[in-house]
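In: Return atomic coordinates for the entry below.
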Amino acid sequence: MNNKNLTAEDVLAIRIGRLVKENAELEQRVQELVERYNDVLKQFMDLKFRYDQELKTKNRAKNENNKV
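Out: Okay, the predicted model is just below:
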């Protein structure tokens, strides 16, 4: 279709179509980022849990050694 033959409505429809497509792509990207964030948060929480467990174990061993 020749650009000279496009009406204002045609131009707006094309622009809206592009914006809808761009919006869908942005929604997908946001979802990917949320998933990655949740993965990193889960890794952090797992690491923190293991650290806390190790710290508790060390404190128990230290307390047992002090009792002797």
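In: all helices for the protein, in order.
Out: With DSSP state H as the criterion, the chain has helices at 8-67.
In: For it, which residue occupies the most central location?
Out: Of all residues in the chain, the one closest to the mean position by Cα atoms, centre = their mean is Val34, 2.3 Å from it.
In: Distance of that residue relative to Glu9?
Out: 37 Å (Cβ to Cβ, to the nearest Å). Every C-beta, even on glycine, is put in place using the N, C-alpha and C of the backbone.
In: Glu27 versus the residue nearest to the centre of the chain, what's the distance?
Out: With distances taken as Cβ to Cβ, Val34 is found 11 Å from Glu27.
In: And for Asn63?
Out: If you go by Cβ to Cβ, the gap between Asn63 and Glu27 works out to 53 Å.
In: Equivalent analysis for Asn38, please.
Out: Counting by Cβ to Cβ, the gap from Asn38 to Glu27 is 17 Å.
In: any weak-confidence spans in this structure?
Out: For the chain, the stretches flagged by pLDDT under 70 are 1-3, 68.
In: do that again at 50, thanks
Out: By pLDDT under 50, the chain has no low-scoring segment.
In: So what touches stretch 14-24?
Out: The set of residues external to stretch 14-24 that reach it, using Cβ atoms under 8 Å, 6 or more residues apart in numbering, is Leu6.
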